[in-house]
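Undergrad: Provided below for reference: sequence and predicted model.
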Amino acid sequence: MRVPRGVSPAVLLALVVVACGGSTPPTDAPVAPETASPPASASAAAPSQPRATIPPLETAAPPGPSSAAPSDIPSPPGSVGPGAADACTGTDANRDFFESVATAVAWPVYCAVLPSGWFVDAGEYRLASGGRMEISYRGPAGASFELRQGAFCTTDGGCLPAGTDLGEASFGDLAGSFVSADDGSWALGVDAGADISWLAVGDGLNEATFRGFAEELALVSD
C-alpha cells in the first residue's frame, strides 16, 4: 500500500486497525437483568376502605377502634354517651366495637342482649357508602343470631329471605317485617330495601325465642 505524502507509517497503522476491528457489538449480546423491583399494580396501590373488625371469639385479643385509621373515622354524627353499650352481650372489646360503630355512622346502632351461653362469634363494619355493620352470635346447640345494619342491602326485598310473611314484629324500638324463612330460620327486617335498613336473622331457635331476642335489642346510639 502506498503511503500518502505527509502521513507517518504509525498513524496509518492506527487507521487500519480501527477500520478492521472497530465494528459494533453483536445485537444478541446478553443484557444484564434489571435489579429494580417492578412497579406496584394499580390494585395494590388503591386505598383500602375504612374497616374495623372484632375478635372472632371472646378469647381473642381485642382490636379496639384503632384497627381503622383515626383519619378514616369521621366526626361523631350522633350521641353516644359513656356506657352506651353496657347492655350488649359480649366482652368489653365487643362493647367497644359497638360504641366505635355508633360514633362513626349517622344511623341508630343496635346490639343483642342475650342470655348466658351466648357469645359474639364475629363482626365487622365499614364506613363506605353510608356505613354498614354485621355481627353474629353463637349459642347453645349451634344456634345463631345475626344482625346486619346500615347500607348493607338496597335490593328489592331488602335481603329478607324467601318465606312466609308473619306480619309485623319488634326490632328493639322499631317495627319490622317478620318472615319464617323457607330454610327454617327466622328473619326480621326494618325499612327493607332502603338506603339504610336493619335485619335480624336467627337459626336453631323457636319462634318465641327469636321474637324475644329481637324485642330486647338495645339501642347503642341515639
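TA: Perfect, thanks for sending it.

Undergrad: neighbours of residue 103, just the number please.
TA: 20 (other C-beta atoms under 10 Å). No exception for glycine: its C-beta is placed from N, CA and C like everyone else's.

Undergrad: which residues in this structure form strands?
TA: Under the criterion DSSP state E, strands of the chain are mapped to 51-54, 110-111, 119-126, 132-138, 144-150, 163-171, 174-181, 186-190, 197-203, 218-219.

Undergrad: tell me the buried residues in the fourth one?
TA: Across strand 132-138, burial judged by 16 or more other C-beta atoms under 10 Å covers 132-138.

Undergrad: nearest to residue 88, of the strands of the chain?
TA: Nearest to residue 88 among these is strand 110-111; the distance by C-beta to C-beta comes to 3.7 Å.

Undergrad: give me the contact list for that closest one.
TA: Strand 110-111 is contacted from outside by 85, 87-89, 95, 98, 135, 147, 149, 171-172, 198, 217-220, using C-beta atoms under 8 Å, 6 or more residues apart in numbering.

Undergrad: low pLDDT regions in the protein?
TA: 1-82, 222 (pLDDT under 70).

Undergrad: need the helices for it, in chain order.
TA: 9-21, 42-45, 92-104, 207-215 (DSSP state H).

Undergrad: what packs against the third one?
TA: Using 3 or more C-beta pairs under 8 Å, 6 or more residues apart in numbering; DSSP states H and E as the contact criterion, the elements in contact with helix 92-104 are strand 51-54, strand 119-126.

Undergrad: ok so, going back, so which two of the buried residues of strand 132-138 are the farthest from each other?
TA: 132 and 138, at 21.3 Å, using C-beta to C-beta across the buried residues of strand 132-138.

Undergrad: which positions within stretch 136-148 qualify as buried?
TA: In stretch 136-148, counting by 16+ other C-beta under 10 Å, buried: 136-139, 143-148.

Undergrad: what's the span of it from first residue to last?
TA: End-to-end span of stretch 136-148 (C-alpha to C-alpha, to the nearest Å): 9 Å.

Undergrad: now tell me what touches it from outside.
TA: Counting by C-beta under 8 Å, 6+ apart, 89, 110-112, 114, 117-123, 132-135, 159, 198-205, 210, 213, 217 sit against stretch 136-148.

Undergrad: now the buried members of those.
TA: Counted by 16+ other C-beta under 10 Å, the contacts of stretch 136-148 give 89, 110-112, 114, 118-123, 132-135, 159, 198-205, 210, 213, 217 as buried.

Undergrad: please verify my assumption that residue 182 contacts residue 160.
TA: No. Taking C-beta atoms under 8 Å as the definition, residue 182 is not a contact partner of residue 160, at 11.5 Å.

Undergrad: dump the C-alpha coordinates for stretch 212-222 into CSV.
TA: In CSV, the C-alpha atoms belonging to stretch 212-222 read as follows (Å, rounded to 0.1, in the frame of the first residue of the first chain):
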residue,chain,number,x,y,z
GLY,A,212,-87.8,-12.2,72.3
PHE,A,213,-84.2,-11.7,71.2
ALA,A,214,-85.4,-9.1,68.5
GLU,A,215,-87.6,-7.3,71.1
GLU,A,216,-84.7,-7.0,73.5
LEU,A,217,-82.3,-5.4,71.0
ALA,A,218,-80.6,-2.4,72.8
LEU,A,219,-80.1,1.0,71.2
VAL,A,220,-76.4,2.0,71.4
SER,A,221,-76.7,5.4,69.7
ASP,A,222,-79.5,8.0,69.5
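
Undergrad: cheers, nothing more for now.
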